[in-house]
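Visitor: give me a model of this one.
(2 chains)
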Amino acid sequence: MSLSAHDKELIGKVWTKISPKAAQIGGDALGRLIVVFPQTKIYFSHFADLSPSSPQIKAHGAKVLGAIGEAVSGIDNVSASLSKLSELHAYNLRVDPVNFKLLAHTLLVSLSATLGAEFTPEIHLAWDKFLAIVAAVLSEKYR
Amino acid sequence: MVHWTDEERDIIKTFWGKIDAEEAGHQALTRVLVVYPWTQRYFSTFGNLSKPSAIAGNPKVRAHGKRVVVALGDAIKNLDNVKATYAKLSELHSEKLHVDPENFRLLGEALIIVLAGQFGAAFTPAVQATWQKLLAVVTAALSSKYH
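Guide: Take a look at the predicted model:
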């Protein structure tokens, strides 16, 4: 699976549109993750507040979306763009890779909630592919 | 038997009342066929599915999407016995249609994304969690006659 030129164009267009609200969307996506998939809370046991309105959850969500923005900027080589994060997740965090799919889903939900009808099926496809690539890169060094 | 809280039942009924089965079904099925193109294999009699605009404009896709979401209404009317409600549909999907149950999950996810698009911020994490639970119960019921 790889991104076509058209996919990259759609991904870039959406990113430009949402980047002013990236922190908020990231916080929203992470908030959805911990509520819809409560097992993910295990990775945030050091957060005092594990509700979607938690400042720590929002801040962490913003961080995640920031990293996704880096992947968008370096979309022709996501592996290189996220290389440090890939190592972090593999050697330190050891987040079960299944969670990358769960977060991809809640991020698509956040994008849909934010963009409404503008989140067309084609844009949904491009972002679904892109987030799958991000997930694969983050899991790359696990074994 | 699945346990539903009063809050979950309320959320389901409230949002169900605002959903247009045809529109939501059409959008969800369109997304499945566009985002996961291998699923088009199940719809070889539907005519033109050659590109996203063809899929979105295809009347058979619209009709089938509507049918699926109308059937979801049956589960909602029988929250305490979804499994029995879907026994015949499960047999149909297993014995006749040979649909891999993974596809029920994909359609459920697509519907969640459609609902988020329709309701925006009102589709809160708690509302999403309730609807994902409903769709997980539906998926389990539809998969139940496979073995």
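Visitor: which SS state does B:V99 fall under?
Guide: Here B:V99 is recorded as coil under DSSP: H, G, I helix; E, B strand; the rest coil.
Visitor: so how far is A:I123 from it?
Guide: Separation of B:V99 from A:I123 (CB to CB, to the nearest Å) stands at 27 Å. Backbone N, C-alpha and C define where each C-beta goes, glycine included.
Visitor: between those two, who's got more neighbours?
Guide: Ranked by neighbour count (other CB atoms under 10 Å in any protein chain shown), B:V99 and A:I123 place A:I123 first, with 20 against 17.
Visitor: contact partners for that one?
Guide: A:L10, A:V14, A:L115 (CB atoms under 8 Å, 6 or more residues apart in numbering or on different chains).
Visitor: neighbours around the first one, how many?
Guide: What that stands for is A:L10. Neighbours of A:L10 using other CB under 10 Å come to 20.
Visitor: flag every residue of chain A that's near chain B.
Guide: When proximity is defined as CB under 8 Å from any CB of the partner chain, chain A approaches chain B at A:31-32, A:34-36, A:52, A:105-106, A:108-110, A:112-117, A:119-122, A:124-125, A:128.
Visitor: which among those residues count as buried?
Guide: Buried subset of the residues of chain A next to chain B (neighbour count, 16 or more other CB atoms under 10 Å in any protein chain shown): A:31-32, A:34-36, A:52, A:105-106, A:108-110, A:112-115, A:119-122, A:124-125, A:128.
Visitor: which stretches of chain B form helices?
Guide: Assigned by DSSP state H, the helices in chain B fall at B:6-17, B:21-35, B:52-57, B:59-77, B:82-85, B:87-91, B:102-119, B:125-143.
Visitor: give me whichever of those is most buried.
Guide: Most buried of these by mean neighbour count (mean count of other CB atoms under 10 Å in any protein chain shown) is helix B:21-35; its value is a mean of 23.
Visitor: what is the end-to-end distance of stretch A:87-103?
Guide: 19 Å (CA to CA, to the nearest Å).
Visitor: okay, buried residues for that stretch please.
Guide: A:H89, A:A90, A:V95, A:N99, A:F100, A:L102, A:L103.
Visitor: now, which of the residues you listed sits nearest B:V114?
Guide: Closest approach to B:V114 among those (CB to CB): A:L102, at 18.7 Å.
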